[in-house]
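**Student:** 3D model of this:
(2 chains)
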Protein chains: 2
Amino acid sequence: MSGAGFDRVALIGLGLIGSSLSHVMRREGLAGHIAGTAHSQGTRDKAVALGLVDSIHPSAAEAVEDADLVVLCVPVGANAEVAAQIGPHLKAGAIVTDVGSVKGAPLRDIAPHIPPGVHLVPGHPVAGTENSGPESGFAELFENRWCILTPAGGTDEAAVARLAAFWRACGSNVEIMDAVHHDHVLAITSHIPHLIAYNIVGTAAHLGEVTQSEVIKYSAGGFRDFTRIAASDPVMWRDVFLHNKEAVLEMLGRFTEDLTALQRAIRWGDGKMLFDLFSHTREIRRGIIEAGQEVDAPDFGRRVTKEPAGGGEA
Amino acid sequence: MSGAGFDRVALIGLGLIGSSLSHVMRREGLAGHIAGTAHSQGTRDKAVALGLVDSIHPSAAEAVEDADLVVLCVPVGANAEVAAQIGPHLKAGAIVTDVGSVKGAPLRDIAPHIPPGVHLVPGHPVAGTENSGPESGFAELFENRWCILTPAGGTDEAAVARLAAFWRACGSNVEIMDAVHHDHVLAITSHIPHLIAYNIVGTAAHLGEVTQSEVIKYSAGGFRDFTRIAASDPVMWRDVFLHNKEAVLEMLGRFTEDLTALQRAIRWGDGKMLFDLFSHTREIRRGIIEAGQEVDAPDFGRRVTKEPAGGGEA
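**Tutor:** Modelled structure (predicted):
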């Protein structure tokens, strides 16, 4: 087992993140034993069939017995209930973390159930795909992505360092951040993008004068880019919005203000305002590509080629 | 030369679409001679260096002399001026088309300048990438994408059929549509997506409490998907919004209404409404993938792999 690993890791939830963690822990030798559980029997069966776990358990309480690292990989709305179940069964000295996209509210939900001597270090790997379920995981998901840890003041520093080393061994860069600030940053970089993607796909689905079949046929004009994140897990995203309400509403207010200004510029024919904004936004993409957070292939590498080539669709 | 081709084709404008047309016409043998022009000397020089044209001309008026097919590949705001320049120089029997993303207003701008005996058949290949300029073109851009033709009533049917055959030879599927309907369809499938992508990137760039560097670092949470189309050509998109004002404002009104309803659901904690919308939107993406308008690779094929493999980033 690698030095950054743990003797026994419990994965509570075996969807995209849980299953990807299993794959990367196996590849890097980060867990002596992987114990797992999932809400549904179907997921538990698949996890066994896929070899994601060394032991499967019918409940979170049983899965965490004797675990050195417990990772909650459930929708953030389920955190409180899971924490209440596992609290009495946690081993002294264990580290409990999660992978949720919201950190303020879940910290408040989980913390009261964590007994003294157990270290709560909330975490958020900023990585994902539009797919969900135990089959969707892969070991490279966290590679070169950021994992943000948001320990409360007074958290044991050795526990934080140990979890950071674990995530680095999974391929991530690690940042420590205040939970409230995290929720503001993610509201604009993740939550609002998902919300408006879901929204435009919903709007497009319910137009009278444009049929759904036309929306699908002509989606290459730009619409299709939004559908990827609008295909993300509905329960996970419902919970994100319900648990990061304030930051989401605040950022949404700004987005709408700016959109109203653009609407006004279109109505009044203010081409200069449009041109100035449209010129400025190119720089941000360049920054994202330079930071290794995006591929620079034109059209997301969708380019069709006559001869099969890397990245081309058939 | 292929049966779907023309003896002499004039490309007015040599950006992404003009240069891609040159590449595919060369590959498929669709033009006996390609005459070209572009607004700037720099673009004209590059077009010659890249071999995009057989002859380069300092003005559109000179480029269209003796051409059988004239393709306006300029921002839609430039259509009227270009049409006025070329009108007196068009050959009897020639077909004039364009590639703009708006069809109602440009038709009104171009039509008065087209002499009797010349056939105006406006067109719109629904294809593109975020790149622009003469170096950005490639022959496969139109492959399996839709090209919409919007001839006015009374247009010569043989000319429409000939242009349709040309686009099919370029790899496109062809649809004939009323110009007003086209502008409604594209408002939702292309113009509004670009507008909100530009808008959110602008909003994110001007937050006080979240820095631009944080937006870039954590963009993998969803934000980066929007930056691709927000990196599109600023002049082209300014002109689209100014020329499709009514349909864009109408669709934007619906988008904002729907977003306000979502905002209200978040404020009041209406998880059911969020879940129902988020579940429904997955179907549309499936439809787009089944229609061959999108790749089904998770995460747009950005998946990082330890070993080099097709579609993976380094």
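
**Student:** how about the lowest-mean-pLDDT helix or strand in chain A: buried residues?
**Tutor:** Of all helical and strand segments in chain A, the minimum by mean pLDDT, DSSP states H and E falls on helix A:104-110, at a mean of 89. By neighbour count with 16 or more other C-beta atoms under 10 Å in any protein chain shown, helix A:104-110 contains the buried residues A:104-107, A:109-110. Heads up, the C-betas are built off the backbone N, CA and C, glycines and all.

**Student:** swap in stretch A:18-32?
**Tutor:** Applying a neighbour-count criterion of 16+ other C-beta under 10 Å, the buried positions in stretch A:18-32 are A:18-25, A:28, A:30-31.

**Student:** related to what we said a few turns ago, closest to A:Ile289 among the buried residues of helix A:104-110?
**Tutor:** If you rank the buried residues of helix A:104-110 by distance to A:Ile289 using C-beta to C-beta, A:Gly104 comes first, at 30.8 Å.

**Student:** Do I have it right that the closest one meets A:Met177?
**Tutor:** No: under the criterion of C-beta atoms under 8 Å, A:Gly104 makes no contact with A:Met177, lying 11.3 Å away.

**Student:** how far does stretch A:274-289 sit from the chain's center?
**Tutor:** The chain centre lies 25 Å from the centre of stretch A:274-289; the measure is C-alpha atoms, centre = their mean, to the nearest Å.

**Student:** Same question for stretch A:118-138.
**Tutor:** Mean C-alpha position of stretch A:118-138 versus that of the full chain (C-alpha atoms, centre = their mean) differs by 6 Å.

**Student:** Buried residues of that stretch, list them for me.
**Tutor:** Of the residues in stretch A:118-138, those buried by neighbour count under the rule 16+ other C-beta under 10 Å are A:118-132, A:134-138.

**Student:** For chain B, give me its nearest residue in the stretch 51-200 of chain A.
**Tutor:** Nearest to chain B in the stretch 51-200 of chain A, going by C-beta to the nearest C-beta, is A:Ser190, at a distance of 2.9 Å.

**Student:** Look up how far A:Ala179 lies from that residue.
**Tutor:** A:Ser190 is 15 Å from A:Ala179, where distance means C-beta to C-beta, to the nearest Å.

**Student:** again with A:Val248
**Tutor:** Between A:Val248 and A:Ala179 the computed distance is 15 Å (C-beta to C-beta).

**Student:** Show me which of those two is the more surrounded one.
**Tutor:** For A:Val248 and A:Ala179, the more surrounded residue by other C-beta atoms under 10 Å in any protein chain shown is A:Val248, and the numbers stand at 27 against 20.

**Student:** tell me which element that one falls in.
**Tutor:** helix A:245-267 (DSSP states H and E).

**Student:** For the helix or strand harbouring A:Ile192, name the packing helices and strands.
**Tutor:** Secondary structure here is read from DSSP H and E; on that basis A:Ile192 sits in helix A:192-205. Taking 3 or more C-beta pairs under 8 Å, 6 or more residues apart in numbering or on different chains; DSSP states H and E as the contact definition, the neighbouring helices and strands of helix A:192-205 are helix A:212-217, helix A:224-229, helix A:234-243, helix A:245-267, helix B:192-205, helix B:223-229, helix B:245-268, helix B:271-290.

**Student:** Check which residues of that helix are buried.
**Tutor:** A:192-204.

**Student:** same thing with stretch A:74-94?
**Tutor:** The neighbour-count check on stretch A:74-94 (16+ other C-beta under 10 Å) flags A:74-80, A:82-83, A:85-87, A:89-91, A:94 as buried.

**Student:** Show the average pLDDT along that stretch.
**Tutor:** Stretch A:74-94 comes out with an average pLDDT of 97.

**Student:** Between the two ends of it, how far is it?
**Tutor:** With C-alpha to C-alpha, to the nearest Å as the measure, the ends of stretch A:74-94 fall 19 Å from one another.

**Student:** Contacts for it, please.
**Tutor:** Applying C-beta atoms under 8 Å, 6 or more residues apart in numbering or on different chains, the external contacts of stretch A:74-94 come out as A:12-13, A:39, A:59-70, A:72, A:96, A:98, A:100-102, A:105-106, A:109-110, A:112-115, A:117-119, A:233, A:235-236, A:238-240, A:242-243.

**Student:** Drop anything exposed from these.
**Tutor:** In these, burial by neighbour count holds for A:12-13, A:39, A:60-64, A:67-70, A:72, A:96, A:98, A:100-102, A:105-106, A:109-110, A:113-114, A:118-119, A:233, A:235-236, A:238-240, A:242-243, counting by 16+ other C-beta under 10 Å.
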